[in-house]
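Asks: got a predicted model here, sequence first, then my questions.
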Amino acid sequence: RKEVEQDPGPFNVPEGATVAFNCTYSNSASQSFFWYRQDCRKEPKLLMSVYSSGNEDGRFTAQLNRASQYISLLIRDSKLSDSATYLCVVNMAGGYQKVTFGTGTKLQVIP
Amino acid sequence: DVKVTQSSRYLVKRTGEKVFLECVQDMDHENMFWYRQDPGLGLRLIYFSYDVKMKEKGDIPEGYSVSREKKERFSLILESASTNQTSMYLCASSFIPRQGPYEQYFGPGTRLTVT
């Protein structure tokens, strides 16, 4: 089983739609969780951290379910500019800031 | 604004050549990382460094070495390039926070083709 697994997509959604991605992780001792965004032919950039209580940043909501070992990202009112690949990132316990990236979920928002 | 720069955006090398990829960050970050990104495999950690002259192997270090002589610079070396090292190479840097990993800032990437 992969350490971090994501549905590669693509998710094709119309503008204004709500879309959600999940990411599962295998190590129950994982401590920190993040969503990164990567635009086509660009470098990844941090979108948001994922906190135990769940957190929201504008149209984006991230949640953590430790019991089932997954994190989720919800995007409301999708914009064309949200089209990108969303990478799930997990910090396995221990180590010098080493994190594991998922392979990403591709989102395409269509007009 | 954090800036991570990489020496080349595109590089074409021949099999057996020694290849140097350079990365420089301007935010005095302790941690620096080298990843490669391949379709369907995502980002995989090659090596990382948490201090000058310190390095640790990542998940796929075979065929690579690194050098960190100055805090701001982290070099990836392919001693004898092979075609299976054709990939996008991404450098990143971060602080060492008191708790948990911190945001990693990425450079624009170097697309290396080995023929």
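Replies: Received it, and whenever you're ready, just let me know what you need.

Asks: centre of the chain to the helix or strand bottoming out on mean pLDDT in chain A, how far?
Replies: Least confident helix or strand, chain A: strand A:100-101 with a mean of 92, by mean pLDDT, DSSP states H and E. Computed by C-alpha atoms, centre = their mean, to the nearest Å, the chain-centroid distance of strand A:100-101 equals 11 Å.

Asks: could you find the closest non-adjacent residue to A:K42?
Replies: Spatially, and ignoring its direct neighbours in sequence, A:K42 is nearest to B:P108 (7.4 Å; C-beta to C-beta, 6 or more residues apart in numbering or on different chains). No exception for glycine: its C-beta is placed from N, CA and C like everyone else's.

Asks: which of the three states applies to that neighbour?
Replies: Three-state assignment for B:P108 (DSSP: H, G, I helix; E, B strand; the rest coil): coil.

Asks: ok so, going back, hmm, the least confident helix or strand of chain A touching chain B?
Replies: Yes: Strand A:100-101 is in contact with chain B by C-beta under 8 Å from any C-beta of the partner chain, via A:100-101.

Asks: buried sites along stretch A:58-76?
Replies: Buried residues in stretch A:58-76, counted by 16 or more other C-beta atoms under 10 Å in any protein chain shown: A:60-64, A:70-73, A:75.

Asks: who in chain A is up against chain B?
Replies: Counting by C-beta under 8 Å from any C-beta, the positions of chain A adjacent to chain B are A:8, A:31-32, A:34, A:42-46, A:87, A:91, A:96-104.

Asks: let's go with 6 Å and repeat that
Replies: A:32, A:43-44, A:46, A:91, A:96-97, A:99, A:101, A:103 (C-beta under 6 Å from any C-beta of the partner chain).

Asks: pick out the lowest-pLDDT one from the residues you listed.
Replies: Minimum pLDDT across the residues of chain A next to chain B is recorded for A:Y96, with 57.

Asks: all strands of chain B, in order?
Replies: Assigned by DSSP state E, the strands in chain B fall at B:4-6, B:10-13, B:19-25, B:31-38, B:42-49, B:56-57, B:64-70, B:73-78, B:87-94, B:105-106, B:110-114.

Asks: okay, now the unreliable bits of chain A?
Replies: Residue ranges of chain A with pLDDT under 70: A:93-97.

Asks: in chain B, where is pLDDT below threshold?
Replies: Along chain B, the parts satisfying pLDDT under 70 run over B:97-101.

Asks: kindly report the residues of it close to chain A.
Replies: Residues of chain B lying near chain A (C-beta under 6 Å from any C-beta): B:31, B:42-43, B:50, B:100-101, B:103, B:106, B:108-109.

Asks: let's see 8 Å
Replies: Within chain B, the positions near chain A by C-beta under 8 Å from any C-beta are B:31, B:35, B:40-45, B:48, B:50, B:56, B:58, B:90, B:94, B:96, B:100-104, B:106-109.
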